[in-house]
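**Q** model the following, please.
(2 chains)
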Amino acid sequence: MSIKTSRRTFVRRSAAAAAGIFVVPSIIPSSALGLRGRIAPSNRVIMGAIGTGSQGMSNMNDFLKLKDAVRFVAVCDVDAVRLMKAKARVDAANKATDCRTYDDFREFLEKERLDAVSIALPDHWHGIIYAETANKKLNVYGEKPICRTIKDGQTIVAAVKKNNIIWQTGCWQRSQAHFRRGAELAINGRAGKIKLIEVGLPDGGRGIGTPPVMDVPPELNWEMWLGPAPKVPYRGVCHWNWRWMLDYSGGQMTDWAGHHIDIGIWGAGLEYTGPVEISGKGVYPPEGIYDAPVEYDFTCKYANGIEMRICNASRLKMGMGTTWYGDLGWIHTDRGNRLTASDPKILEEVIGENEIHLYKSENHWLNFIESVRTGAPNIAPIEPAYRAISAGLLGEIAMTTGETIRWDPEKEEIIDNPRASRLLSRPYRKPWDLPTV
Amino acid sequence: MLVALMTACTNTDKIKTLIITGQGEDNLVWTQAVQSILDASELFSTKIVTTPPEGQDMSQFNPDFSKYDLVVIDYEGDAWLEKSVASLKEFVENGGGVVRVHSKSQAGSPVPSSVSFSERHNFEVRTRITDHPVTNGLPVRWLHPEDVIVQGMDFSADGIQVLATAFSDTAYAGSGKPEPVLLANNSGKGRVFTTFLGTPDLDKNEALECAGFIVTLQRGAEWAATGAVTQDVPFDFPTAAGAVLRTGFKSVNPDEAFENMCSYEIGESTLYFSWLQSEIRRASGNAETLLNLEKKMVEVLKNSKSTVDAKKLILKELSWMGSEYCIPAVKELSSVTDIKDEVDFTLERLQ
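**A** From the prediction side, this is the model:
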């Protein structure tokens, strides 16, 4: 057993031991436990990163801002240019030259002994790499949306639970005070009994037409980038813009499902269940390489009668963000510290001692590090992330088929619709397959 | 259902439409385009009438509007006689429909001097009212190519609904604010639909060939004549992702679509496959229609002229919407190396 492995085991064991003596209340700031700043090098959380594109680097930079709480030691990417930039960033932070680099996540997972891995990949890779990382018992900070298909999501949730790893989703809005405050007001009935949640997400953008087949840039391992997705020739679309293509993503909708749907279900007490009926329509580009819906409007009905309407923001009076409509008023929240209500007095409301207090995190990345170090729960566990994106993915199935979908949120099955049920998973291109959990 | 409806349509069932033209410099091209667009919907029987030339005696121009369901005014020039204007007004008050096309159409009134025009450019249209029969189901944002935005028209009349606007960019001599491009208003028992899209250009008629212009004109005309719209929003309505042009003002027909699919090569337009996907959605829950589509898709798989890329896209759809019917045809492709992945994928899902 390597020294690093024993260190990681130590972190988890000491957390478990602490939990045995007293339950760590989440409201005690980590600084009180001696976790913020001035951390002995031996107690640093040792991390690696898989996926070092824009979001991967953004996350890494947010972790590096925690200074001596974290040390990155290894990075992995299929793009050699990005990989070298990531190494340079890590080496600069470490004032060293020894950041290890990998172009294949399998080798990374085989060789690296880490406390945690930060993963930011195109959605079509999430199922395999999240589950494989969990199977290696490595803690994961994973980007949303956590899966491309419902089956991917189920596999990931099972892998995280079975391996008992610390998981935190990159839905950082949860760690912003106004989103939490809005959700807490909503869940405590300050707008009355919630009837409707409206979720406004970005409209789709301009297309690029139908680009021709072209040479793969020398730094890019295109075959590995495609991985389990259908084999197609390179046409100049890869980093970032994979988002607009259904082989890799569900477009703006699934991207943002992980944010504003997540906040919506958090503030309505729906983060551990799913809808029972889903219907709606998408607007698809009539042609071009970008084939994800550019507009969408669908409704998820939950068993308790709450409806959640999810659509591109241009269709909503409130625009972007999450609005909870109750029988007494509404509460709206969005990025840019936006928190408004039908009556400003709602925003002044005090949440009583015996009411629901949502988990509080003030720094999303630090919250993950503390969770890894203490074993305590964090702000963004796996199941709510799965429930948020599965609402979006069921909406995608309703839009693709043109049908009203009935869903059993307990069994997690589509009811009585074999055609739609086929869309719950995507066969993987060989040799790739979802790992066994 | 629409197909059945159209087949049953005889000339007498169609919306009797009078198109008035005259005096504008591009009016002939324009009027013929408007007529072609209305005819393409198969809902209208159209007749064009031309006013006397500029400066001539307008007293000869006194159509009997009451013989029609719809009057389309494509006219700029001398003022009509008062009694013609009054007759048109009476036609609308009694339940007739009017469509005003062309940027300067004022239903027989002179164009106000306050009106100005942007330079020709591509711009985005915003659907502002989504529950009006004309715009119900349209994308909220869609691109419109190479057209002029009309600025400064007076829309103060009671009951005018601005169905859609376009932001008129100052970079193209625009007003720097959103300008109405589609309008609707009820008047008495009748209705008036106005479009400011589609200003003709003799060199390049993209503004007229835009599926967004065509479809809103067809829908607006049906609404003006009947108060309702029976036409589905077509799959090729433009979106924020890009403009869509219709050659000859016509949308895709099924035979043409399946024929064109066979020769698809990656890097070419996926228009016909988008059409297929939309037909599959439209057929949802209708086993017979789905099977008919599946049979046509299997024909593409079996067609010796079909490309590998075409077969891949067909297999992608069959993988979820196919029935047992397609399985033998899919299995027959197992030996083709280039599509082995797609065949495996399809069979894994279907079986």
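**Q** switch to C-alpha atoms for all contacts and neighbour counts from now on
**A** Noted.
**Q** residues in contact with the most centrally placed residue in chain A?
**A** For chain A, the residue nearest the mean C-alpha position is residue A:144 (2.0 Å; CA atoms, centre = their mean). By CA atoms under 8 Å, 6 or more residues apart in numbering or on different chains, the contact list for residue A:144 reads A:169, A:170, A:171, A:255, A:258, A:259, A:385.
**Q** pull the number of nearby residues for the third one.
**A** Here the number of neighbours of residue A:171 (other CA atoms under 10 Å in any protein chain shown) works out to 24.
**Q** what does the stretch 101-250 of chain A put close to chain B?
**A** Within the stretch 101-250 of chain A, the positions near chain B by CA under 8 Å from any CA of the partner chain are A:204, A:205, A:206, A:207, A:208, A:209, A:210, A:211, A:212, A:213, A:230, A:235.
**Q** do you know the pLDDT at the third one?
**A** Meaning residue A:206. Looking at residue A:206, its pLDDT is 92.
**Q** so it sits right up against residue B:240, yeah?
**A** Yes: with contact defined as CA atoms under 8 Å, residue A:206 counts as touching residue B:240 (5.7 Å).
**Q** looking at the two, which one has more neighbours?
**A** Shown here are residue A:206 and residue B:240; by other CA under 10 Å, residue B:240 has more neighbours (25 against 17).
**Q** any idea how far residue A:250 is from the closest residue in space to the more buried one that isn't next to it in sequence?
**A** Nearest residue to residue B:240, sequence neighbours excluded (CA to CA, 6 or more residues apart in numbering or on different chains): residue B:142, at 4.4 Å. Separation of residue B:142 from residue A:250 (CA to CA, to the nearest Å): 20 Å.
**Q** those two - which one has more neighbours?
**A** Remark: of residue B:142 and residue A:250, residue A:250 carries more neighbours, 26 against 23, as counted by other CA under 10 Å.
**Q** tell me the contacts of that one?
**A** Applying CA under 8 Å, 6+ apart, we find residue A:250 in contact with A:148, A:243, A:244, A:292, A:293, A:393, A:396.
**Q** and if we set it to 6 Å?
**A** residue A:292 (CA atoms under 6 Å, 6 or more residues apart in numbering or on different chains).
**Q** and it, what's its pLDDT?
**A** 97.
**Q** where does it fall, secondary structure wise?
**A** Counting by DSSP states H and E, no helix or strand carries residue A:250.
**Q** same thing with residue B:45?
**A** strand B:44-50.
**Q** sheet-wise, list the partners of that strand with their directions.
**A** strand B:15-21 (parallel) (DSSP bridges).
**Q** quick check: buried residues in the partner strand?
**A** Within strand B:15-21, the residues that qualify as buried are B:15, B:16, B:17, B:18, B:19, B:20, B:21, counting by 16 or more other CA atoms under 10 Å in any protein chain shown.
**Q** burial of the residue nearest to residue B:226 when sequence neighbours are not counted, as a residue count?
**A** Of all residues not flanking residue B:226 in the chain, residue B:97 sits nearest, at 7.5 Å (CA to CA, 6+ apart). By other CA under 10 Å, 30 other residues sit near residue B:97.
**Q** quick one: the helices in the stretch 101-250 of chain B?
**A** Secondary structure of the stretch 101-250 of chain B (DSSP state H, counting those that start in this stretch): helices located at B:206-209, B:211-226.
**Q** tell me which other helices or strands the longest one touches.
**A** Spelled out, that is helix B:211-226. For helix B:211-226, the elements it packs on are strand B:97-100, strand B:190-195, judged by 3 or more CA pairs under 6 Å, 6 or more residues apart in numbering or on different chains; DSSP states H and E.
**Q** give me the contacts around that helix.
**A** Outside of helix B:211-226, the residues within contact range by CA under 6 Å, 6+ apart are B:38, B:69-70, B:97-98, B:134, B:191-193, B:229, B:237-238, B:244-246.
**Q** and the two most separated of these?
**A** B:69 and B:244 (30.3 Å; CA to CA).
**Q** now the residue nearest to the centre of chain A, what's its secondary structure?
**A** coil (DSSP: H, G, I helix; E, B strand; the rest coil).
**Q** returning to that earlier point: for the helices of the stretch 101-250 of chain B, which one sits closest to residue A:177?
**A** Counting by CA to CA, residue A:177 lies closest to helix B:211-226 out of the helices of the stretch 101-250 of chain B; the figure is 43.7 Å.
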